[in-house]
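In: I would like the atomic coordinates for the input below:
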Amino acid sequence: MIVKLIKPIAVSFLVLFFTLPVCASTITVNEPTYGYGKINVYYNGNVKSGLNAGMFPITYNGFDTWGFCVDLDYAVTFGENWIDGEISISGNYLYVEWLVAEFASDLYEAALSNKDIASEATALQLAIWEVRYDNVWDWDYDETTLADEYFVDPVNPINGTGLFYYDRTKIENSTHYKINDFYDDYINALTKAVNSQSWSSFATSGDYSVFDLSKNGASTQDIIVKVVPEPTTALLLGFGLLGLCAVGRKKA
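Out: Numbers count the residues shown, from 1 in each chain. Below you'll find the model as predicted:
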């Protein structure tokens, strides 16, 4: 009986070994980004004009996935980036994880179906930066009771407050004005979640990683990524299934 089991187990092992990618020490940021450029943002007292904001198509562990920037101190570099380390998802990163867990995968699936997600992806990236850097979040600050939804109330700050905010007035005058609406929806949803009684028990799920990246020895943007199965995990699963099969056949 043991001899009969050796061949199928060996074949299965070889299939698993050669079809799984090598454990990744790099991540590839692909183009094009799902989103819009020419966004003016204000970060840490400085103006960053014409910034691109959106979702990155990512290749990690040989699988296609998605990612968002969580780091405005460095520029994104497309192509292969080295993973120098992993940043713990705690503090404000928990707000970031909640946003991507709630909205990002659906956007990615829509993009794969050739749907235009540029406005939603841009808004989600802006919301991620807002909650990554600030503890008090700006949203709906240009809404008034007037009939014109996009009238800027002169009593309220036009662009926002805190370490990060973006120029909403420029977007309101563009063809992409819905970015503001989606942004407000995302921030409003997170605000309600944080104010709920269940937020105190919210913890990272392990489904996302924040990677510290570099290219050619220079630091690049940190990115939060929807993780995919590690090769070692898949191998252990495969061996477990083979073991169950062997036990089942032995009993039979």
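
In: now for Asp181, how many residues are close by?
Out: Close neighbours of Asp181, defined as other CB atoms under 10 Å, add up to 16. No exception for glycine: its C-beta is placed from N, CA and C like everyone else's.

In: look up phi and psi at it.
Out: Per-residue torsions, Asp181: phi -60, psi -50 (degrees, to the nearest 10).

In: for it, which non-adjacent residue is closest in space?
Out: Ala123 (7.8 Å; CB to CB, 6 or more residues apart in numbering).

In: tell me if the one you found really is in a strand.
Out: No: assigned with DSSP: H, G, I helix; E, B strand; the rest coil, Ala123 falls outside any strand and is helix.

In: what about it, neighbour count?
Out: 29.

In: contacting residues for it?
Out: Lys178, Ile179, Asn180, Asp181, Phe182, Tyr183, Asp185, Tyr186 (CB atoms under 8 Å, 6 or more residues apart in numbering).

In: how near is it to Tyr166?
Out: Using CB to CB, to the nearest Å, we find Ala123 at a distance of 10 Å from Tyr166.

In: shared neighbours of those two, which are they?
Out: Between them, Ala123 and Tyr166 share no contacting residue, judged by CB under 8 Å, 6+ apart.

In: which residue ranges of the stretch 151-252 of the chain form strands?
Out: 164-166, 208-215, 218-219, 223-226 (DSSP state E, counting those that start in this stretch).

In: using CSV, please lay out those together with distance to Ala75 and mean neighbour count.
Out: Listed next are these as CSV, based on distance: least, CB to CB, whole Å; neighbours: other CB atoms under 10 Å:
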stretch, distance to Ala75, mean neighbour count
strand 164-166, 17, 24
strand 208-215, 10, 20
strand 218-219, 9, 12
strand 223-226, 12, 22
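
In: for Phe103, find the nearest of those.
Out: Checking these against Phe103 by CB to CB gives strand 223-226 as the closest, at 11.8 Å.

In: just how off-centre is that closest one within its chain?
Out: 4 Å (CA atoms, centre = their mean, to the nearest Å).

In: what of stretch 59-79?
Out: Distance, centroid of stretch 59-79 to centroid of chain: 9 Å (CA atoms, centre = their mean).

In: then stretch 128-138?
Out: With CA atoms, centre = their mean, you get 15 Å for stretch 128-138.

In: for the record, mean pLDDT for that stretch?
Out: For stretch 128-138, the mean pLDDT works out to 93.

In: also stretch 86-95?
Out: 96.

In: in PDB, list the C-alpha atoms belonging to that stretch.
Out: Extracted C-alpha coordinates of stretch 86-95, given in PDB (Å, rounded to 0.1, in the frame of the first residue of the first chain):
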ATOM      1  CA  GLU A  86       7.100  45.300   6.700                       C
ATOM      2  CA  ILE A  87       5.500  48.000   8.700                       C
ATOM      3  CA  SER A  88       3.200  47.000  11.500                       C
ATOM      4  CA  ILE A  89      -0.500  47.800  10.900                       C
ATOM      5  CA  SER A  90      -1.400  49.700  14.000                       C
ATOM      6  CA  GLY A  91      -2.400  53.200  15.000                       C
ATOM      7  CA  ASN A  92      -3.600  55.200  11.900                       C
ATOM      8  CA  TYR A  93      -2.700  52.200   9.700                       C
ATOM      9  CA  LEU A  94      -5.700  50.500  11.100                       C
ATOM     10  CA  TYR A  95      -7.900  53.200   9.600                       C
END
